[in-house]
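Peer 1: Prediction below, plus the sequence it came from.
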Amino acid sequence: MTAFVTLAGVYSTPVFNGERSRDQDLMTTSRALDQFLSSVEKRAFKIAQLGLRNDDDALDAVQDSMMKLVQSYASRAAEEWRPLFYRILANRIRDMQRRRTVRGRIMAWLPVRDAEDEEDFDPVAQAPSHDPGPAKRLELDEAIGVLEAAVAELPPRQQQAFLLRNFEGLDVGETASAMGCSEGSVKTHYFRALESLRARLGEVF
Amino acid sequence: MSDDFEKRTQEVLEESTARLDGRTRSRLTQARHAALAELARPERHWWRSYVPAGAAAAVAVLAVVIWSGQGVGPAPTALSPVDDLELLADAESQEFVDDGEDLEFYEWAAGETES
């Protein structure tokens, strides 16, 4: 009898209370994910652009990675999202690089090209980015050009380690998690990347 | 990360990122919104409309009772991102490939995880 009363009490619970709680959880997760993704999207694009040397491919890689994170890992703790996202992105970049290699290794050595303009005029999209002034801009232009060229030519694992540690600011443990390797490997790849870049850019920087 | 060279390279990359044009920023925003829309997709939660909250709890309790009665082994420990078999199977990690690991194993493992 007690069990029956308990069950009756349970069945009489209004459904919408449970649904409202789940909707609130969904909204909370959605907001947290939105905040996280907007904090990483530009740097993720830059990492993909340096790895793929093509803006359209880089955008595809970032979108695919965002989608994968939300579809498969939204329920994970928020502190896991960063290494997970960059692991997914690294995998995606590698997949696209391999497909490109099959089509022809020569593609990897073409200069970065901008996406074709396929869309209607969008005043927001056409808005200029910030401008620090002509002289400073020239100096930065040169620095950006040489650095990006040097980073793009690093071996993939060194490039990954360098960008995740130096640019994205992941610690050694997070970088190891994102790269799927040991912390020792991360340190080795990062050290070698720095040595290569120093040798190539020492005078410019 | 402390020396001047590392700081300088970081500053230059940050500056390069800050110079992303409006079109790229717009597409990144669209990509983010498309990904977040996945979270709210009704198909992800279709079963909820058919299961009252109390019945779901009762079914879960019964499932645990029946399942533990079948002598199923202890629950697996939580996997870290590195251990996540789906990521490993999806990754075709270059280090594993370079070491001659069998990719079919990871695909099988991923399938076991999903089932």
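Peer 2: The structure has been received and is ready for your questions.
Peer 1: Quick test: name the residue nearest the centre of chain A.
Peer 2: When CA atoms, centre = their mean is applied to chain A, the residue found nearest the centroid is A:A44 (3.1 Å).
Peer 1: List phi and psi for that residue.
Peer 2: Its backbone dihedrals place A:A44 at phi -60, psi -40, with angles given as degrees, to the nearest 10.
Peer 1: where does chain B dip in pLDDT?
Peer 2: In the predicted model, chain B carries pLDDT under 70 at residues B:1-2, B:42-56, B:59, B:63, B:67, B:69-115.
Peer 1: no wait, chain A
Peer 2: Chain A contains residues with pLDDT under 70 at A:1-17, A:104-132.
Peer 1: Counting by contacts, list what the helix or strand hosting A:E41 packs against.
Peer 2: Secondary structure assignment for A:E41, by DSSP states H and E: helix A:15-52. Packing contacts for helix A:15-52, counted by 3 or more CB pairs under 8 Å, 6 or more residues apart in numbering or on different chains; DSSP states H and E, involve helix A:55-73, helix A:78-103, helix A:134-152, helix A:156-162, helix B:4-18, helix B:22-39, helix B:53-69. C-beta here means a position set from N, CA and C on the backbone, and glycine is covered the same way.
Peer 1: Helix or strand next in line after the fourth one, which one?
Peer 2: So the one you mean is helix A:156-162. Using DSSP H and E, the helix or strand that follows helix A:156-162 towards the C-terminus is helix A:172-179.
Peer 1: Let me know the next secondary structure element after that next one.
Peer 2: From helix A:172-179 onward toward the C-terminus, using DSSP H and E, the following helix or strand is helix A:183-201.
Peer 1: how about that next one against chain B, any contact?
Peer 2: Yes - looking at helix A:183-201 against chain B by CB under 8 Å from any CB of the partner chain, the contacts come from A:S185, A:L194, A:L197, A:R198, A:L201.
Peer 1: quick one: buried residues of that helix?
Peer 2: By neighbour count, with 16 or more other CB atoms under 10 Å in any protein chain shown as the criterion, the buried positions of helix A:183-201 are A:S185, A:V186, A:H189, A:Y190, A:R192, A:A193, A:L194, A:S196, A:L197, A:R200, A:L201.
Peer 1: Apart from its neighbours in sequence, what residue is nearest A:S177?
Peer 2: A:P83 (3.9 Å; CB to CB, 6 or more residues apart in numbering or on different chains).
Peer 1: ugh, wrong one, A:H189
Peer 2: Distances taken as CB to CB, 6+ apart place A:A161 nearest to A:H189, at 3.6 Å, with adjacent residues excluded.
Peer 1: contacting residues around the one you found?
Peer 2: With contacts defined as CB atoms under 8 Å, 6 or more residues apart in numbering or on different chains, the neighbours of A:A161 are A:T175, A:M179, A:V186, A:H189, A:Y190, A:A193.
Peer 1: Surely the fifth one touches A:Q159?
Peer 2: Pointing back at A:Y190 there. No - no contact is recorded between A:Y190 and A:Q159 when judged using CB atoms under 8 Å, the distance being 10.5 Å.
Peer 1: before we move on, back to that, could you dump the helices and strands packed on helix A:15-52 to TSV with distance to A:A32?
Peer 2: Supplementary listing: the helices and strands packed on helix A:15-52 in TSV, determined by distance: least, CB to CB, whole Å:
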stretch	distance to A:A32
helix A:55-73	11
helix A:78-103	6
helix A:134-152	31
helix A:156-162	26
helix B:4-18	23
helix B:22-39	11
helix B:53-69	24
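Peer 1: which one of those helices lies closest to A:T29?
Peer 2: Closest approach to A:T29 among the helices and strands packed on helix A:15-52 (CB to CB): helix B:22-39, 6.7 Å.
Peer 1: anything in the closest one near chain A?
Peer 2: Yes - using CB under 8 Å from any CB, a contact is recorded between helix B:22-39 and chain A, made by B:22-29, B:31-32, B:34-36, B:38-39.
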